[in-house]
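>>> how does the following fold in three dimensions:
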Amino acid sequence: MVGNSLIIVLAVADQHLHTSMYFFLCNLSSLETCYSSTILPRLLASFLTGDGTISAQGCIAQLHFFCSFAVSECYLLAVMSYDWYLAIYQPLLYASLMTWKVSLKLAAASWLARFLSCTVVTTFLSNLRFSGLKAIDHFFCDLIPLLELSCSDTRVVTVVSFILCFTDIFFLFLFTLASYVCIIATILRILTSVGRQKAFSTCSSHLTVITVFYDTLIIVYLIPRTAPLRQLNKVFSFFYTVLTPLVNPLIYSLHNREVRKALRKALRKTLACPQSS
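Predicted coordinates for the structure are as follows:
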């Protein structure tokens, strides 16, 4: 929360970061803040109070917001990979291709794309019956553990959710991966070894985080929940619910030279204020 909030403040306060690339980074940090807030506060409250109960309506609401922000992150990561591809592959035309109007439309589409798929799934889910006290075999209200507790026929919502997850996760992963393949091919044509090494360092960091994020999503939502995978799914869920929001500010933003420069400038101003007063 602190890392993502810091990136948002820096992106807004520093004039040098008012570009489309840092605009998308600011959107990612905002998304990660909302993404973490749907699960972790409720989870920490359960640890502190020992009360792990939640109503069926509250559980479906948590699932809806979590699903919405997860889908938005998939779209936003795809948009960011395309933005970086344009910046490296066509640097001279980048400013004319990625204008503020285009950036706003892409960011808005990333935030709004979540509502279609997630609203459809949660609408089907809200029509199911959950009678009596049930224990969710997970540390948050996820789709598959909830379907296992329903007394109704879940075949329709299972098929619909699988189709939507396949389009939202798998195809976006392929698009993001294709963008990075084009980026790597462009990097290989850089003449200086120092330039290649620096670009590869950034690209490999991004690609590692994206691969972990998408691979765990694919394992949890697109592979059948067999008995051996039942407990492993909780471990895999930890990666995209806790680990990815934790490392994304470090990998995407604080690893960036311009962001570090803006952070040092903000720290100098903060330290200079008490001395001047």
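
>>> let me know the pLDDT of Ile210.
With respect to pLDDT, Ile210 scores 86.

>>> my read is that it contacts Ala78, right?
No - checked against Cβ atoms under 8 Å, the pair Ile210 and Ala78 is beyond contact range at 9.6 Å. Yep, even glycine has a C-beta here, placed from its N, CA and C like the rest.

>>> list residues touching both of the two?
By Cβ atoms under 8 Å, 6 or more residues apart in numbering, Ile210 and Ala78 have these common neighbours: Thr176.

>>> could you give me the buried positions within the top helix by length along the chain?
Assignment by DSSP state H gives helix 56-89 as the longest helix of the chain. Going by neighbour count (16 or more other Cβ atoms under 10 Å), the buried part of helix 56-89 is 56, 59-89.

>>> same check on stretch 206-222?
206-207, 209-210, 212-214, 216-221.

>>> what residues does it touch?
Applying Cβ under 8 Å, 6+ apart, the contact partners of stretch 206-222 are 70, 73-74, 77, 81, 84, 142-144, 161-162, 165-166, 169-170, 173, 176-177, 180, 229, 232-233, 236-237, 239-240, 243-244, 247-248, 251-252.

>>> kindly report the same for stretch 179-191.
Residues outside stretch 179-191 that contact it (Cβ under 8 Å, 6+ apart): 78, 81-82, 84-85, 88-89, 196, 199-200, 203, 206-207, 210.

>>> stretch 149-157 too?
Against stretch 149-157 from outside (Cβ under 8 Å, 6+ apart): 121, 124-125, 127-131, 134, 136, 147.

>>> I'd say Met98 and Ser20 touch.
Yes - Met98 lies in contact with Ser20 (Cβ under 8 Å); the separation is 4.8 Å.

>>> need the overlap of contacts for these two.
With Cβ under 8 Å, 6+ apart as the test, Met98 and Ser20 both reach Asp83.

>>> now do the helices in the stretch 1-150 of the chain.
Using DSSP state H, counting those that start in this stretch, the helices of the stretch 1-150 of the chain run over 2-13, 20-37, 40-49, 56-89, 94-97, 100-126, 143-149.

>>> nearest to Glu258, of the ones you listed?
Among the helices of the stretch 1-150 of the chain, the nearest to Glu258 by Cβ to Cβ is helix 20-37 (7.5 Å).

>>> and that closest one, how far from the chain's centre?
8 Å (Cα atoms, centre = their mean, to the nearest Å).

>>> pull out the buried positions in it.
20-36.

>>> drop anything exposed from the contacts of stretch 206-222.
Buried members of those, scored by 16+ other Cβ under 10 Å, are 70, 73-74, 77, 81, 84, 142-144, 161, 165, 169-170, 173, 176-177, 180, 233, 236-237, 239-240, 244, 247-248, 251-252.
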